[in-house]
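Peer 1: when you get a sec, could you give me coordinates for this:
(one chain, ligands or ions: 1)
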Amino acid sequence: MEALWDGILGHLKERLTRPTFETWIKPASAQRFEEDRLVIRTPNPFARSWLQQHYAGAIAQAGEQVVGRPIHVDFVVSDHVEETPKRVPERESAPPAPSNNGASLNSKYTFSRFVVGANNRMAHATALAVAEMPGCNYNPLFLCGGVGLGKTHLMQAIGHYRLESDPKTRIAYISTERFTNELIEAIRRDSMQNFREHYRRVDLLMIDDIQFIEGKEYTQEEFFHTFNALYEAGKQIVIASDRPPQLIPHLQERLSSRFSMGLITDIQQPDLETRMAILQKKAEYENMFVPQEVIHHIASAYTSNIRELEGALIRAVAYVSISGLPMTVETISPILSPPRTRGEITDEAILDLVCNEMKVTLEDLRSESRRRDISQARQMCMYLLRKYTDLSLPKIGQALGGKDHTTVLYAIDKIDQSRSRDPEVQRLLNGLCNRLEADAR
Ligand SMILES: Nc1ncnc2c1ncn2[C@@H]1O[C@H](COP(=O)(O)OP(=O)(O)OP(=O)(O)O)[C@@H](O)[C@H]1O
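Peer 2: Down below sits the predicted model:
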């Protein structure tokens, strides 16, 4: 193992700058190497988080060059008992490192580490209900929400809960991309039977990022049969997506309707209080001391993606630990990257999206037609134009075929009211907003 570590150091020395090497890599050491998994000892929780976030890939690559096959790396803090990621029984041969690859659950993604706020209360409650009574009320459970808002965390929390209640539970957690790749591999190796048995034998199937199934006809076909087999056997299915089923383009109707059969619940952007609570919890778990005003400062700067929010905290802690400066708002401000400037969401983008998703044409929108689907799409456009552009009410009216500004006001009000009454409208609206924001990134 020493030779392996020396080899890795040699490679890293060449690839990294000297300060990086001296600050982060040199104080670390190899603890053990088993089954292609290298456990690296780090001097403190900051160093562990930093290495994990920034250099795990480089270390794994260097390791691969030394041993000649892929390796996985994990980090532990010197005096701490190693956190062993739980393996999902189905996939013993897969890599054990926490990852979204279908192999194992990230040991941090538990209910106890999930902060409940107004943005995710419903999603949390239904996930918990599913974890307590799988296959009963909400099947499938379809979690949707924007990037980095906790879908994977919540989904995996269900898996942990089930494994704790019954360690024999057979669980598959897999990304859609991985499902597709395994399917292709099974076809190539003529082992479709194994592939099917593998997924149709589980008690709990959790599939992440289902939006990537868009347009993949064969994956959709296969997933349809897997879904049916599990559903009919009363097994629980949990699906995560960045948008609701009806907004996934080129999704077969029969899949879309199955995804909507149970419960669709969404996670929205967290408010300031929730963001602060998330940072607080993270700091506690990682044994970091962070003053309240710093927590407030970071939570105010990162509003839309919890992954970025957590990244900022880790960076701040790492920065003060290297520089020896005190942890204050002034010290850390320069190292917080300015929140990414959004690409503009244009009026054309809004009209295009609404036309595509709500199956109407631009002429329909600009017409005087009062057909229900057309007038709902038109109202939705008015609402989104108001939300995302600087257009005045009369200008919005003009963009939609010369409507009066009072019509625009009425439309905005109408959507506001129906979104609070009708979950379908709320979901449609969230899906459209997520899509616009994702495209503008
Ligand atoms: N409510 C929460 N409490 C604590 N941590 C959270 C919460 N929501 C999200 N996180 C953390 O934010 C990070 C991103 O969450 P996660 O990966 O689950 O997002 P996602 O919605 O699946 O993102 P993507 O769309 O990129 O797949 C994770 O580290 C997760 O633990």
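Peer 1: what number of residues lie near the closest residue to R315 other than its chain neighbours?
Peer 2: Nearest-residue entry for R315: I335, 5.8 Å, with adjacent residues in sequence omitted and distances by Cβ to Cβ, 6 or more residues apart in numbering. All C-beta spots, glycine's among them, are computed from the backbone N, C-alpha and C. Other residues within reach of I335 by the criterion other Cβ atoms under 10 Å amount to 13.
Peer 1: and if you look at R435?
Peer 2: If we define neighbours as other Cβ under 10 Å, then R435 has 20 of them.
Peer 1: any idea which element it lies in?
Peer 2: R435 belongs to helix 423-440 when assigned by DSSP states H and E.
Peer 1: contacts for that helix next, please.
Peer 2: Counting by Cβ atoms under 8 Å, 6 or more residues apart in numbering, helix 423-440 makes contact with 144-147, 242-244, 246-247, 264, 266, 268, 304, 342-345, 349-350, 353-354, 357, 380, 383-384, 387-388, 415, 418-420, all of which sit outside it.
Peer 1: ok, 6 Å please
Peer 2: Under the contact criterion Cβ atoms under 6 Å, 6 or more residues apart in numbering, helix 423-440 has outside partners G146, D242, R243, P244, L247, D266, R342, G343, I345, S418, R419.
Peer 1: pull out the buried positions in that helix.
Peer 2: Within helix 423-440, the residues that count as buried by 16 or more other Cβ atoms under 10 Å are 425-437.
Peer 1: report whether that helix contacts the ligand.
Peer 2: No: with Cβ under 6 Å from any ligand atom as the criterion, the ligand is not reached by helix 423-440; the gap is at least 9.4 Å.
Peer 1: isn't there a helix covering V39?
Peer 2: No: remark: V39 does not belong to a helix; assigned using DSSP: H, G, I helix; E, B strand; the rest coil, it is strand.
Peer 1: that one contacts F33, correct?
Peer 2: No: taking Cβ atoms under 6 Å as the definition, V39 is not a contact partner of F33, at 7.5 Å.
Peer 1: pLDDT score assigned to E357?
Peer 2: If you check E357, the pLDDT there is 91.
Peer 1: swap in the one 4 residues further on?
Peer 2: At T361 the predicted local distance difference test score is 93.
Peer 1: could you report the pLDDT at the one residue in the stretch 1-150 of the chain that gets nearest to the ligand?
Peer 2: When distances are taken as Cβ to the nearest ligand atom, the stretch 1-150 of the chain reaches nearest to the ligand at G150, 2.6 Å away. According to the prediction, G150 has pLDDT 95.
Peer 1: the residue nearest to it when sequence neighbours are not counted and the ligand, how far apart?
Peer 2: By the measure of Cβ to Cβ, 6+ apart, the closest residue to G150 outside its immediate chain neighbours is I267, 5.7 Å from it. Using Cβ to the nearest ligand atom, to the nearest Å, one obtains 7 Å as the distance from I267 to the ligand.
Peer 1: enumerate the residues of this protein near the ligand.
Peer 2: Taking Cβ under 6 Å from any ligand atom as the criterion, the chain approaches the ligand at residues 109, 113-115, 120, 145, 147-153, 209, 242, 278, 306-307, 310.
Peer 1: got any ranges where the stretch 251-400 of the chain has weak pLDDT?
Peer 2: 337-343 (pLDDT under 70).
Peer 1: mind jotting down where the helices sit in it?
Peer 2: Along the stretch 251-400 of the chain, counting by DSSP state H, counting those that start in this stretch, helices occupy 253-259, 272-285, 292-301, 306-323, 329-332, 347-358, 362-366, 372-388, 393-399.
Peer 1: TSV for those, including mean neighbour count?
Peer 2: Written out in TSV, the entries for those read as follows (neighbours: other Cβ atoms under 10 Å):
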stretch	mean neighbour count
helix 253-259	15
helix 272-285	18
helix 292-301	17
helix 306-323	19
helix 329-332	16
helix 347-358	18
helix 362-366	17
helix 372-388	21
helix 393-399	18
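Peer 1: which one of the ones you listed lies closest to L12?
Peer 2: helix 306-323 (17.8 Å; Cβ to Cβ).
Peer 1: centre of the chain versus that closest one, how much separation?
Peer 2: If you compare the mean C-alpha spot of helix 306-323 with that of the full chain, they lie 20 Å apart, counting by Cα atoms, centre = their mean, to the nearest Å.
Peer 1: what packs against that helix?
Peer 2: Counting contacts by 3 or more Cβ pairs under 6 Å, 6 or more residues apart in numbering; DSSP states H and E, helix 306-323 is packed against helix 45-54, helix 272-285.
Peer 1: can you redo the ones you listed as JSON lines, where the extra columns are distance to C136?
Peer 2: Converted to JSON lines, the helices and strands packed on helix 306-323 look like this (distance: least, Cβ to Cβ, whole Å):
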{"stretch": "helix 45-54", "distance to C136": "37"}
{"stretch": "helix 272-285", "distance to C136": "29"}
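Peer 1: for A131, which of the ones you listed is the nearest?
Peer 2: The closest approach between A131 and any of the helices and strands packed on helix 306-323, judged by Cβ to Cβ, belongs to helix 272-285 at 19.5 Å.
Peer 1: now the angle from the closest one to helix 45-54?
Peer 2: Angle of helix 272-285 versus helix 45-54, following axes from the mean of the first three to the mean of the last three Cα atoms, to 10 degrees, is 110 degrees.
Peer 1: quick one: distance of helix 272-285 to the chain centre.
Peer 2: Here helix 272-285 shows a centroid-to-chain-centroid distance of 18 Å under the convention Cα atoms, centre = their mean.
Peer 1: what do you get for stretch 264-272?
Peer 2: Computed by Cα atoms, centre = their mean, the separation of stretch 264-272 from the middle of its chain amounts to 12 Å.
Peer 1: just the buried positions in it, please.
Peer 2: I264, T265, D266, I267, Q268, Q269, P270.
Peer 1: tell me which residue is most central in this protein.
Peer 2: Centroid-nearest residue in the chain: G148, 4.3 Å away (criterion: Cα atoms, centre = their mean).
Peer 1: quick check: that one touching T303?
Peer 2: No: using Cβ under 6 Å, G148 makes no contact with T303, being 11.4 Å away.
Peer 1: just checking, I187 is part of a helix?
Peer 2: Yes: the assignment for I187, made by three-state DSSP, places it in a helix.
Peer 1: quickly note the distance from it to the ligand.
Peer 2: When distance is defined by Cβ to the nearest ligand atom, I187 is 27 Å away from the ligand.
Peer 1: burial count for that residue?
Peer 2: Residues within reach of I187, counting by other Cβ under 10 Å, total 13.
Peer 1: pLDDT at it, what is it?
Peer 2: According to the model's per-residue confidence, I187 sits at a pLDDT of 93.
Peer 1: repeat that for the one 4 residues further on.
Peer 2: According to the model's per-residue confidence, S191 sits at a pLDDT of 92.
Peer 1: ok, the spatially closest residue to P249 that is not a sequence neighbour to E177 distance?
Peer 2: The shortest distance from P249 to any residue other than its chain neighbours is 5.2 Å, reached at E214 (Cβ to Cβ, 6+ apart). In this structure, E214 and E177 are separated by 12 Å, where distance is defined by Cβ to Cβ, to the nearest Å.
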